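Trainee: For reference, the sequence and a predicted model appear below.
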Protein chains: 2
Amino acid sequence: MTRAQLFDNIKKKSSYLCIGLDTDLSRIPKHLLKSDDPLFEFNKQIIDATHNYCVAYKPNIAFYEALGPTGWISLEKTLNYIPHDIFTIADAKRGDIGNTSALYAKAFFEQLKFDSVTVAPYMGEDSVKPFFYKDKWVILLAHTSNPGSSDFQLIESVVTGRKLYEEVIVKSMKWASPDQLMYVVGATQAEKMESIRALAPEHFFLVPGVGAQGGDLQMVSKYGMNKQCGLLVNAARSIIYASDDTDFAQRAAAEALKVKDEMEACLNSL
Amino acid sequence: MTRAQLFDNIKKKSSYLCIGLDTDLSRIPKHLLKSDDPLFEFNKQIIDATHNYCVAYKPNIAFYEALGPTGWISLEKTLNYIPHDIFTIADAKRGDIGNTSALYAKAFFEQLKFDSVTVAPYMGEDSVKPFFYKDKWVILLAHTSNPGSSDFQLIESVVTGRKLYEEVIVKSMKWASPDQLMYVVGATQAEKMESIRALAPEHFFLVPGVGAQGGDLQMVSKYGMNKQCGLLVNAARSIIYASDDTDFAQRAAAEALKVKDEMEACLNSL
């Protein structure tokens, strides 16, 4: 999917919501456990109920990998079920030496046909470059939303005066254009959003941490938006686990719609 | 496996060789492609031929993941086939927010029964801690051996004067003891081995880059060894792809024996 197509979808749906498919057998409604493939059955009903309110789905790969080969099959079925106009993100946080990253890219882009994959920057340029495919995207970790993000991401370089996450952004901007590269920017650091947007005015940011992790959509949107929206805001647990009963899909739709309505107001001020 | 058991195996076998199972369908001997599970068949014959000369096997997870569910099954069969006294490393370079890392830990330690997993430090403490299981190991990326390792790992902190990879070591040493934590230290930076050993005198280092990536076993051993050996030196392509014909296992054994003999000499100088 191209950047223009993504922005078109955002305008069409008045939403920049990404729904995280962090699908956990121990949290899905009990009645689904009887089905042949509970993970896929849950995802299918969530997708049916929410796809009008979001522009992206982000399966968290660990939740599938933890189940071995059957989890992988549920993931494949989920990918095939997602409507083609919706952007798909493999939240995998991969990154390894070149020939190994190339195989991860193959797994997510060729086997599973994801539009994008999240990548960890620690190993540098040659670990990231194999993920640049035509019309596919790298979503590089810059500033994450978890407590440990301050352990290393805030280290300030003696040479440039920039923090590690800023170095990641500045260096990686030379590796690919904003048509192939996005950044993960944690919402719990919304006060930093403005300075990160100044560093990378054109790029899309994937913003986790709104919802269960406790962010603030209006603040994120105010400081993070650019003229092509430039934001995909992820919510997972607050939507997909809105209910653990037979009404889970209906309740997920209601939660997604609520976020979408808030986003529509933010988009109107663009 | 405990640190004492690992050191006992090293003494018994006079070897600290780790063999990387970077098993690639496009590189294994053509006659194996007829078998039901070529990846497993290749690994089985490599393990049969080399297990007396090494103390660890390190499947590179990307090579299995790239094949989808069937690759996962080949990996599971390989793990079950490796003799129990040999240390197993899931070279996965995972690392995510806490509840996600916990699921990766479950995949590698509970589903697949690996002894250890390689973890990327970028997201900090809460992304690493879920991997600390009793008698299991985290092998944390510190200084890797690829060209891109200099992009971020060498950034020097304005506060501590330490480089990022040194910060990773110093901080993470507080998260677990040397009985649960090792570091990835690239052999192509052997001149740095001495200073890294000074930072972490007790820890085991997993050293990639000897062999196809071009390191130097004697230099690594001279500067990297501690009193309990403290090294696992990985070689993959130079051993497992020593021949692409029907003699591949025999040739792999000969290459592994050659490395083991060199290691025996280094161990004798302990």
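Mentor: Thanks, I have the structure now.
Trainee: Please state the offset of the helix or strand hosting residue A:223 from the chain centre?
Mentor: Taking DSSP states H and E as the definition, residue A:223 sits inside helix A:217-224. When distances are taken as C-alpha atoms, centre = their mean, to the nearest Å, helix A:217-224 is centred 17 Å away from the chain's centroid.
Trainee: wait, what's in contact with residue A:30?
Mentor: Neighbour list for residue A:30: residue A:244 [criterion: C-beta atoms under 8 Å, 6 or more residues apart in numbering or on different chains]. Using the backbone N, CA and C atoms, a C-beta is placed for each residue, glycine as well.
Trainee: Find me the pLDDT at it, would you?
Mentor: pLDDT for residue A:30: 97.
Trainee: helices or strands up against the helix holding residue A:223?
Mentor: Applying 3 or more C-beta pairs under 8 Å, 6 or more residues apart in numbering or on different chains; DSSP states H and E, one finds that helix A:217-224 contacts helix A:190-199, strand A:205-207, strand A:231-235, helix A:248-268.
Trainee: how big is the angle separating the first one from helix A:217-224?
Mentor: Between helix A:190-199 and helix A:217-224, the angle comes out at 30 degrees (axes from the mean of the first three to the mean of the last three C-alpha atoms, to 10 degrees).
Trainee: Quick one: work out the angle between helix A:190-199 and strand A:231-235.
Mentor: What separates the directions of helix A:190-199 and strand A:231-235 is an angle of 150 degrees, with the same axes, to 10 degrees.
Trainee: Show me what helix A:190-199 is packed against.
Mentor: Other helices and strands packing on helix A:190-199, by 3+ C-beta pairs under 8 Å, 6+ apart, are strand A:137-143, helix A:164-172, strand A:181-185, strand A:205-207, helix A:217-224.
Trainee: can you redo those as TSV with mean neighbour count, distance to residue A:99 and mean pLDDT?
Mentor: What follows is those, written out as TSV (neighbours: other C-beta atoms under 10 Å in any protein chain shown; distance: least, C-beta to C-beta, whole Å; pLDDT from 0 to 100):
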stretch	mean neighbour count	distance to residue A:99	mean pLDDT
strand A:137-143	26	17	97
helix A:164-172	22	20	98
strand A:181-185	25	21	97
strand A:205-207	26	27	97
helix A:217-224	19	35	91
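Trainee: neighbours around residue A:254, how many?
Mentor: If you count neighbours by other C-beta atoms under 10 Å in any protein chain shown, residue A:254 ends up with 16.
Trainee: Over to the one 10 residues further on?
Mentor: The number of residues packed near residue A:264 is 13, by other C-beta under 10 Å.
Trainee: Find the residue closest to it in space, skipping its chain neighbours.
Mentor: Counting by C-beta to C-beta, 6 or more residues apart in numbering or on different chains, residue A:264 lies nearest to residue A:14, which is 4.0 Å off, once chain neighbours are set aside.
Trainee: backbone phi and psi for the one you found, please?
Mentor: Per-residue torsions, residue A:14: phi 50, psi 50 (degrees, to the nearest 10).
Trainee: Name whatever forms a beta bridge with residue A:57.
Mentor: The residues paired with residue A:57 through beta bridges, assigned by DSSP bridges, are residue A:19, residue A:88.
Trainee: Of all the helices and strands packed on helix A:217-224, which one is nearest residue B:153?
Mentor: Nearest to residue B:153, of all the helices and strands packed on helix A:217-224, is helix A:190-199, at 21.1 Å by C-beta to C-beta.
Trainee: Would you state the helices of the stretch 51-200 of chain A in chain order?
Mentor: Counting by DSSP state H, counting those that start in this stretch, residue ranges of the helices within the stretch 51-200 of chain A are A:61-65, A:69-81, A:98-105, A:125-128, A:149-152, A:164-172, A:190-199.
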